[in-house]
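Prediction below, plus the sequence it came from.
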Amino acid sequence: MNKSTKIIIGVATVAVVGVGIYAATTHKSSTVTQANAAAKLGLVLDVGGVDDHSFNQSAWEGAKQYAKVNQLQAGQNKPVTYFTASDHSDLDQNFNLATKNKQYKIVYGIGYSLNQPITKSAKLNPKQKFVLVDDIVTNRPNVASVMFRSEQSSYLAGVAAATKAQKNNEKKIGFIGGIHGNIIDAFDAGFEAGVKATDSSLIVEKQYANSFTDSAKGKTIAAAMYASGIKTIFAAAGFVGNGAFSEAKAENSKLTADSKDRLYIIGVDRDQKSDGAYTSKDGKKGTSTLASSITSVGDGVKNIAETYNKNKTFPGGKTIAYGLKENGVYLTDSELTAAETAAVKKAQKAIINGTIKVPNHPKGSQFDQKF
């Protein structure tokens with residue numbers, strides 16, 4: 001097991017000495033030098049695009065924040081850039097492009113499916129600094145691994161969904177997964193644990209899309225779940241989840257704003273409140289998003305770069321883990337009632353102090369990654 005390390009960001013300050021015109025010139029020169037000295041970043045994204053409303057987008061938003069603070073341009077072919085893939089077969093080539101001429105100080109792989117490509121590139125480029133987000137690379141001193149304890153925020157999502165279901169006398173709650181693996185296991189296991197801890201009689205109906213990009217399939221799965229009487233769905237499936245959001249919005253738009261049949265969906269990775277926005281039958285604005293299980297992917301991206309800029313250290317060969325305690329994961333309170341919010345806060349406190357231990361794999365899973 002790799003040792004988890006918590007990174008604390010510091011902000012470097014630059015002192016400029018001088019008076020008159022010389023001082024102004026020196027200040028300008030120092031600012032430019034400081035900006036140019038900041039590490040340039042190359043993000044190799046997983047399939048789904050930079051605006052996937054999920055992991056890729058969250059990572060890029062963090063990179064853009066980093067670029068702004070450090071006065072670097074962000075965009076394709078800029079000092080802070082990204083490489084998109086339409087298929088997993090594109091990933092090796094994208095790492096080749098990202099490491100070409102060593103133009104980026106740190107190259108990131110966004111998503112667990114980039115483990116093999118980034119490991120391969122790290123072996124070919126031993127002096128290049130790499131960061132894999134959402135999986136662990138072992139025995140590579142030039143690769144840092146960033147992980148998130150998504151089971152913890154998913155547990156809170158389960159508590160919120162179950163509390164609502166209890167009040168409305170519902171019997172089932174839905175979960176849509178992307179592809180079976182260590183990462184989605186955490187969302188699956190944490191969510192079910194939160195539901196069952198709140199009400200053991202509730203059934204969590206699960207269905208996997210076997211994809212992270214098929215939004216049409218997400219819409220079909222959600223439609224079937226809602227039709228079966230499920231009122232709340234947690235979708236941890238990347239771009240597939242967009243289809244589930246579309247279905248929730250479409251159905252809610254047929255109802256009045258105060259309808260007891262209103263449907264909900266729980267977002268993932270980033271705050272998806274706006275993704276659930278709809279107009280009700282009686283012309284009122286609302287959102288289908290009950291809450292969002294946030295994974296601070298963007299913070300994981302920028303924290304390592306900022307630390308490197310500050311003291312030129314890089315956590316190669318180590319795993320950095322972010323959970324509720326580190327504010328690396330959390331649950332938004334988009335449409336939560338006072339009772340749901342109180343239940344979530346109580347569970348969050350218990351997880352942080354260790355009273356509640358959240359599983360990161362469902363019973364019977366073939367995956368067993370620990371960190």
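Perfect, thanks for sending it.

helix, strand or coil for residue 196?
In three-state terms, and counting by DSSP: H, G, I helix; E, B strand; the rest coil, residue 196 is helix.

Could you count how many residues lie near the closest residue to residue 183 other than its chain neighbours?
Setting aside the residues directly before and after it, residue 183 is nearest to residue 112 in space (Cβ to Cβ, 6 or more residues apart in numbering), at 5.0 Å. In this view, the C-beta of every residue, glycine as well, is placed from N, C-alpha and C. Neighbours of residue 112 under the rule other Cβ atoms under 10 Å: 20.

Am I right that residue 349 sits in a helix?
Yes. Per three-state DSSP, residue 349 lies within a helix segment.

Count the neighbours of it for me.
Counted with other Cβ under 10 Å, residue 349 comes out at 12.

quick one: the strands in the stretch 151-300 of the chain?
Secondary structure of the stretch 151-300 of the chain (DSSP state E, counting those that start in this stretch): strands at 172-177, 203-208, 232-236, 264-269, 277-279, 285-287, 289-295.

Redo those strands as a markdown table? Include mean neighbour count, distance to residue 68 and mean pLDDT.
Listed next are the strands of the stretch 151-300 of the chain as a markdown table, based on neighbours: other Cβ atoms under 10 Å; distance: least, Cβ to Cβ, whole Å; pLDDT from 0 to 100:
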| stretch | mean neighbour count | distance to residue 68 | mean pLDDT |
| --- | --- | --- | --- |
| strand 172-177 | 24 | 34 | 98 |
| strand 203-208 | 17 | 38 | 98 |
| strand 232-236 | 30 | 30 | 97 |
| strand 264-269 | 29 | 21 | 95 |
| strand 277-279 | 16 | 27 | 98 |
| strand 285-287 | 16 | 28 | 97 |
| strand 289-295 | 27 | 21 | 96 |
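
what sits against the closest residue to residue 272 other than its chain neighbours?
Excluding its sequence neighbours, the residue lying closest to residue 272 (Cβ to Cβ, 6+ apart) is residue 292, at 4.9 Å. If you count contacts by Cβ atoms under 8 Å, 6 or more residues apart in numbering, residue 292 has them with 266-273, 331-332, 334.

Is residue 360 in a helix, a strand, or coil?
Following three-state DSSP, the label given to residue 360 is coil.

I'd say it and residue 186 touch.
Yes. Residue 360 lies in contact with residue 186 (Cβ atoms under 8 Å); the separation is 4.4 Å.

Can you pick out the residue with more neighbours from the two?
residue 186 (29 against 24).

which residues touch the more buried one?
149-151, 154, 360-361.

re the thing from before, any idea how far the residue nearest to residue 272 is from residue 271?
5 Å (Cβ to Cβ, to the nearest Å).

how about low-confidence regions in the stretch 251-371 of the chain?
The model of the stretch 251-371 of the chain has no residue with pLDDT under 70.

Please enumerate the shared neighbours of residue 292 and residue 271.
332, 334.

how close does the residue nearest to residue 272 sit to residue 153?
Applying Cβ to Cβ to residue 292 and residue 153 gives a distance of 9 Å.

Name the residues contacting each of these two.
In contact with both residue 292 and residue 153: residue 331, using Cβ under 8 Å, 6+ apart.

From the chain's centroid, how far away is stretch 122-130?
25 Å (Cα atoms, centre = their mean, to the nearest Å).

gap between the two ends of it?
7 Å (Cα to Cα, to the nearest Å).

Run through who's touching that stretch.
99, 102, 105-109, 118, 121, 137, 140, 142-144, 308, 314, 316.

Quick one: mark the members of those that sit in strands.
Applying DSSP state E to these, the entries found in strands are 106-109, 143-144.

Pick the one among those residues closest to residue 225.
Nearest to residue 225 among those is residue 109, at 32.7 Å by Cβ to Cβ.

these two touch, right, the residue nearest to residue 183 and residue 134?
Yes. With contact defined as Cβ under 8 Å, residue 112 reaches residue 134; the gap is 4.7 Å.

any residues in contact with both of those two?
residue 183.

thinking again about what came up before, now the common contact residues for residue 360 and residue 186.
Counting by Cβ under 8 Å, 6+ apart, the shared contacts of residue 360 and residue 186 are 149-151.

Return the entry from these with the maximum number of neighbours.
The most crowded member of those, judged by other Cβ under 10 Å, is residue 150 (31 neighbours).

Look at it and report its pLDDT.
On pLDDT, residue 150 comes in at 96.

Can you name the residues that contact it?
Contacts of residue 150 by Cβ under 8 Å, 6+ apart are 183, 186-187, 190, 236, 293, 295, 329, 360.

just residue 198 next, same as before
Applying Cβ under 8 Å, 6+ apart, we find residue 198 in contact with 158-159, 162-163, 166, 343.

6 Å instead?
Shown in contact with residue 198 (Cβ atoms under 6 Å, 6 or more residues apart in numbering): 159, 162-163.

so what's residue 313 closest to, chain neighbours aside?
Leaving aside its sequence neighbours, residue 313 is closest to residue 307 (6.4 Å, by Cβ to Cβ, 6+ apart).

Over to residue 115?
Closest to residue 115 by Cβ to Cβ, 6+ apart is residue 135, at 4.7 Å.

Am I right that that neighbour is in a helix?
No. Using three-state DSSP, the assignment for residue 135 is coil, not a helix.
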